[in-house]
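Visitor: Build me a structure from this.
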Amino acid sequence: MRIPRLALPALAVLLASCGDDADLPPLVGNTSANNDRAEGLYSQAQAAESSGKRDKAIKIYDELADTMPIAQKAPDARFRQGELLEQDGKIREAFDAYQDFISRYNSSNLYEKALNRQASMAQSAADGQVKTSFLGLKSGISNDKITEMLTKVRQNAPRSPQASKAQFTIGQVWESQGNSSGAGKAINAYREVVVEFPESKEAPEAQFRIGKVLMDEARRGNQDQANHERAREAFQDYLRQYPGHSKNGEARQLMSNLGGQDIQQSFNVAEFYERKGDNGSARFYYEEVVSKAKSGELHDKAKARLAALGSN
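Guide: This is a model prediction of the structure:
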């Protein structure tokens, strides 16, 4: 095919630009000047460490990684910065340093170690066991920040066992908050474990926890019938999906307790209507108690109230 004369200059420029390696982004370790300067900074940081000047070492490692991210020593510098920050109990800063390392240097031989250190730190923060290495004091890290850390752990290794564990721990963090806001977030987190990681070892426990959190919500005062039904359905799903799991017996007992709570609630409603003078509605709920509870204290009390109210 003949190339039009007018196209030749443009083609020449294109070929020239494609053949010029200087216009391409440099690879890690491809710039000798950068490497020489990076080696010098890395040696300075190591010397600062050896003389006990940890803060200075951290700053130099950070400078090296920030200003020369493609130098051969950059991955080692960022990783070492994370290690020193972690040893100093600066958990959030250390986590972020490891995150930068993981984002940039997935071919480094330290990559797996960085993933593991990051996951361990997030789990420790969630367990309330994060302590400074020198003072032995707990670091104050909010539930929102811990959730953010655990989410990054999951995203960094989405197919690893760490991912399901991190997601499950998010549920634990919010469940431990002990209020309705935390309960809603915990249920959502546990559901994600079941949906996204159904074969994981955390999935059965997550489904069980959904029912447990709903029951706890009812005990805190939100005792509407819907919460009881949702809890019962969660336990039924757990028993159907994970027969033989270690919590099967406890789930059955809790479902039995739910039945008792339903009966108590019906009795309470009957008493409420009786106090208001609405005997028709009171009789309806006392009859429901008698029907649900074939024997026992509430059964006997409801029958006695029905007798006292009479048929009118």
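Visitor: where's the nearest residue to Ile141 once chain neighbours are set aside relative to Ile146, distance?
Guide: Among residues not flanking Ile141 along the chain, Ala125 sits closest, at 5.0 Å (C-beta to C-beta, 6 or more residues apart in numbering). Every residue, glycine included, has its C-beta placed from N, CA and C. As defined by C-beta to C-beta, to the nearest Å, Ala125 lies at a distance of 5 Å from Ile146.
Visitor: do the same with Ala94
Guide: Separation of Ala94 from Ile146 (C-beta to C-beta) stands at 14 Å.
Visitor: Would you map the strands across this protein?
Guide: In the chain, no strands are found when defined by DSSP state E.
Visitor: Domain-wise, how is it divided?
Guide: If you go by automatic domain parsing, the domain ranges for the chain are 31-125, 142-246, 261-312.
Visitor: could I get those domains as CSV with mean neighbour count and distance to Leu254?
Guide: As requested, these are exported to CSV (neighbours: other C-beta atoms under 10 Å; distance: least, C-beta to C-beta, whole Å):
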stretch, mean neighbour count, distance to Leu254
domain 31-125, 19, 27
domain 142-246, 18, 6
domain 261-312, 15, 10
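Visitor: Rebuild the ones you listed as a markdown table, extending it with mean pLDDT and distance to Arg252.
Guide: Listed next are the domains of the chain as a markdown table, based on pLDDT from 0 to 100; distance: least, C-beta to C-beta, whole Å:
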| stretch | mean pLDDT | distance to Arg252 |
| --- | --- | --- |
| domain 31-125 | 95 | 31 |
| domain 142-246 | 91 | 7 |
| domain 261-312 | 77 | 15 |
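Visitor: need those domains in JSON lines with distance to Met255, can you?
Guide: As requested, the domains of the chain are exported to JSON lines (distance: least, C-beta to C-beta, whole Å):
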{"stretch": "domain 31-125", "distance to Met255": "31"}
{"stretch": "domain 142-246", "distance to Met255": "5"}
{"stretch": "domain 261-312", "distance to Met255": "11"}
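Visitor: Looks like Arg92 contacts Ile141 (just checking).
Guide: Yes: in this structure, Arg92 is within contact of Ile141 by C-beta atoms under 8 Å, at 6.8 Å.
Visitor: anything in contact with each of the two?
Guide: Overlap of the contact sets of Arg92 and Ile141 (by C-beta atoms under 8 Å, 6 or more residues apart in numbering) is empty.
Visitor: Do a quick rundown of the helices in the stretch 101-250 of the chain.
Guide: Here the stretch 101-250 of the chain has its helices, by DSSP state H, counting those that start in this stretch, at 111-127, 143-156, 161-175, 180-196, 203-219, 225-241, 248-276.
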